[in-house]
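In: turn this into a structure:
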Amino acid sequence: MTVATAKGNNLVTCENEINDYLRKNMATTEILKNASDLRKWDQYMMNAFYKYCLEKFVLPKVDLNTSQLQLIGPLEEVEKAKQKYKIMCEILKYKSLIPNPPPVAPRSSTKRTNQLNSINNNNYNIAFIYCPQDQMICHQLATTLINEGYSLCQSSPGQSLSQLIIDKSDLMLIYLSENYSQDPCCMADVNYAKSIRKKIIPIAGRTNNSSNTEESSWLSSMTNAQLSYDLLHTEIEMEFADDFDLEYDRLLAILVS
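Out: You can find the predicted model right below:
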């Protein structure tokens, strides 16, 4: 394919647009061999994986006799389905170490069957800290975690969590954003958690702004990454921007490990 433009500086933009279109729409076939973990999946896990694939316009074909998984669909979505498969296998591996774990159920808008043993409701398993401006974005994640069986203590607008709650939590989950770094209550919570060496998991996502563009989303992502380095000296492993289901599984794999 030959691309010509009136202005030389438009050439790179055109090439990027074409490559992005091909990545999202060009069909491909990927075969994962030695997918022996599929034999350990129950029907709930299989249904959840099929549902995810079909929502991404990816056709999965499982051959248990040869332990092969074939994925057919758009290049970018097939790659996500591969990641989904690998993460689900990782979760299953950790889950198998839990005595008598309940079955895995597919996620939905209603309450899920727990993937983990139930948590003692008298303990705060996770302290989830975010600033008021990000409350709408964090609501879905908080609801899913609660439905998963975790005890969750969330921050309240204009208030810090008590040090006792942070002490009792197994870990702290924080939603990093520019708003977070400017909120004194959020900063007080994370600084206390750092002082007692509490495990902190940073996550990020798109700013809740209807005028978001690809450029502003990229700048927001870079800002969040820099905040994570400056505040926690670590990378952000999860960004709840485009694919909630896949990113949530990444988080779940960390929680069960």
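In: drop to CA atoms for contacts and neighbour counts, all remaining ones
Out: Will do.
In: quick check: nearest residue in space to Ile146, chain neighbours excluded?
Out: Spatial nearest neighbour of Ile146, excluding adjacent residues (Cα to Cα, 6 or more residues apart in numbering): Leu152 at 6.4 Å.
In: correction: Val256
Out: Tyr94 (6.1 Å).
In: mind giving me the packing neighbours of the helix or strand hosting the one you found?
Out: Assigned by DSSP states H and E, Tyr94 belongs to helix 75-95. On a contact count with 3 or more Cα pairs under 8 Å, 6 or more residues apart in numbering; DSSP states H and E, helix 75-95 meets helix 9-25, strand 27-32, helix 43-55, strand 68-74, helix 244-256.
In: quick one: mean pLDDT for the second one?
Out: Averaged over strand 27-32, pLDDT sits at 88.
In: which other helices and strands contact it?
Out: Here strand 27-32 touches strand 68-74, helix 75-95, going by 3+ Cα pairs under 8 Å, 6+ apart.
In: and those: which comes nearest Glu237?
Out: Of all the helices and strands packed on strand 27-32, helix 75-95 sits nearest to Glu237, with 13.4 Å by Cα to Cα.
In: so what touches the helix or strand following that closest one?
Out: Where DSSP H and E defines the elements, the next helix or strand beyond helix 75-95 is strand 126-129. By Cα atoms under 8 Å, 6 or more residues apart in numbering, the residues outside strand 126-129 that reach it are 142, 150-155, 165-166, 169-175, 186, 189.
In: now stretch 85-95
Out: Residues outside stretch 85-95 that contact it (Cα under 8 Å, 6+ apart): Asp37, Phe49, Pro101, Leu116, Asp249, Arg250, Leu252, Ala253, Val256, Ser257.
In: how about the residues you listed, which pair is most distant?
Out: Phe49 and Ser257 (20.6 Å).
In: what residue spans form the domains of the chain?
Out: 27-95, 126-256 (automatic domain parsing).
In: least confident of those, on average?
Out: When the domains of the chain are ranked by mean pLDDT, domain 126-256 comes last with a mean of 83.
In: what is the end-to-end distance of that domain?
Out: With Cα to Cα, to the nearest Å as the measure, the first residue of domain 126-256 is 13 Å from its last.
In: residues in contact with stretch 231-242: which ones?
Out: Contacts for stretch 231-242 (Cα under 8 Å, 6+ apart): 202-206, 224-225, 228-229, 247-248, 250-251.
In: nope, stretch 51-70 is what I meant
Out: By Cα under 8 Å, 6+ apart, the residues outside stretch 51-70 that reach it are 29-36, 38-39, 50, 71-74, 77-78, 81.
In: okay, buried residues for it please.
Out: Going by neighbour count (16 or more other Cα atoms under 10 Å), the buried part of stretch 51-70 is Lys51, Tyr52, Cys53, Lys56, Val58, Leu59, Pro60, Val62, Gln68, Leu69, Gln70.
In: just to revisit the earlier point, what's the burial count for the residue nearest to Val256?
Out: Number of residues near Tyr94 (other Cα atoms under 10 Å) recorded here: 14.
In: that one and Lys82: what is the separation?
Out: Distance, Tyr94 to Lys82, by Cα to Cα: 19 Å.
In: also Thr66?
Out: For Thr66, the distance to Lys82 equals 18 Å [Cα to Cα].
In: what do you get for Leu173?
Out: For Leu173, the distance to Lys82 (Cα to Cα) stands at 26 Å.
In: partner residues bridging the nearest residue to Leu32 once chain neighbours are set aside?
Out: Among residues not flanking Leu32 along the chain, Leu69 sits closest, at 5.0 Å (Cα to Cα, 6+ apart). Counting by DSSP bridges, Leu69 is bridged to Leu32, Val62.
In: what do you get for the one 4 residues further on?
Out: Legend: beta-bridge partners of Gly73 under DSSP bridges are Thr28.
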